[in-house]
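[1] give me a model of this one.
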Amino acid sequence: MFNDPIKVLEMIQPNDLVLDIGGASEVFPRANAVVDIIPYNERCPGKLRDMPEQFSPDTWYVGDICTEEPWRQFSDKQFDFVICSHVLEDIRDPIFVCKQMLRVAKAGYIEVPSKFRECCKHDAKAIITGWEHHRWLIEYVNDTLVFAPKLPYFSQFDYLGDQRRLIMYDYYYQFLSLHWRESFNYTERV
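    Numbering: from 1, shown residues only. Just a heads-up that it's a prediction; the model follows:
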């Protein structure tokens, strides 16, 4: 998670039941449960590494979050808060995962790379724009989280140019975050 995890902690009440979706590569220790394709024993600590983990091997669910399987163990509105940080841009079906988030949680926090950052080359000679493994360009338009496929032709252009390249490293241009309560809108644009 790249945002300040302390700010995310401030969104969570002491007795809230928290689910971390896809957080194994930088686990959020305040989560009471985690669902990820990576097993419990391969998790990596995040910025809050000194905070005791609230989840256990018994509340760590392994599975592909783009399928129904891992979601079956969660009932409607079971969680007070869900965190999904730097996951939606990587997966094949973020629309399905958004639907499941809204089903299992009352509120949450989503963070993804900005569309701006995904369309930038770190160097004029770079072959790929953004992160090569990301599948989606994501932006927040008219109160809606919009997912557009990250197509190969984006890498044919250098959208920034050398004079503006440093802008891409400005923290506020790099990420998009959404804190939601009760619901949020999402759609796929082709």
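[2] can you tell me the SS state at the residue in the chain sticking out farthest from the centre?
    Computed with Cα atoms, centre = their mean, the maximum C-alpha offset from the centroid of the chain is found at Gln163, amounting to 30.3 Å. The three-state label given to Gln163 by DSSP: H, G, I helix; E, B strand; the rest coil is helix.
[3] just the pLDDT for Asn3.
    Reading off the confidence values, Asn3 has pLDDT 65.
[4] distance check, the closest residue to Arg117 other than its chain neighbours against Glu118.
    Spatial nearest neighbour of Arg117, excluding adjacent residues (Cβ to Cβ, 6 or more residues apart in numbering): Gln174 at 4.7 Å. The C-beta positions use only the backbone N, C-alpha and C, and glycine is treated the same way. Distance, Gln174 to Glu118, using Cβ to Cβ, to the nearest Å: 10 Å.
[5] of the two, which one has the most company?
    Glu118 (21 against 16; other Cβ atoms under 10 Å).
[6] skipping adjacent residues, who's closest to that one in space?
    In space, Glu118 is closest to Gly130, 3.6 Å off (Cβ to Cβ, 6+ apart).
[7] low-confidence ranges, this structure, go.
    1-3 (pLDDT under 70).
[8] just the strands in it please.
    Ranges of strands in the chain, per DSSP state E, are 18-21, 33-36, 60-62, 81-85, 107-113, 136-141, 144-149, 175-181, 185-188.
[9] those helices in this structure, which residues are they?
    5-10, 94-104, 115-118, 171-174 (DSSP state H).
[10] out of those helices, flag the one nearest Arg181.
    helix 94-104 (11.2 Å; Cβ to Cβ).
[11] before we move on, the earlier item: reformat the helices of the chain as JSON lines; add distance to Lys77.
    Converted to JSON lines, the helices of the chain look like this (distance: least, Cβ to Cβ, whole Å):
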{"stretch": "helix 5-10", "distance to Lys77": "20"}
{"stretch": "helix 94-104", "distance to Lys77": "7"}
{"stretch": "helix 115-118", "distance to Lys77": "31"}
{"stretch": "helix 171-174", "distance to Lys77": "32"}
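[12] which one of those lies closest to Leu88?
    helix 94-104 (4.2 Å).
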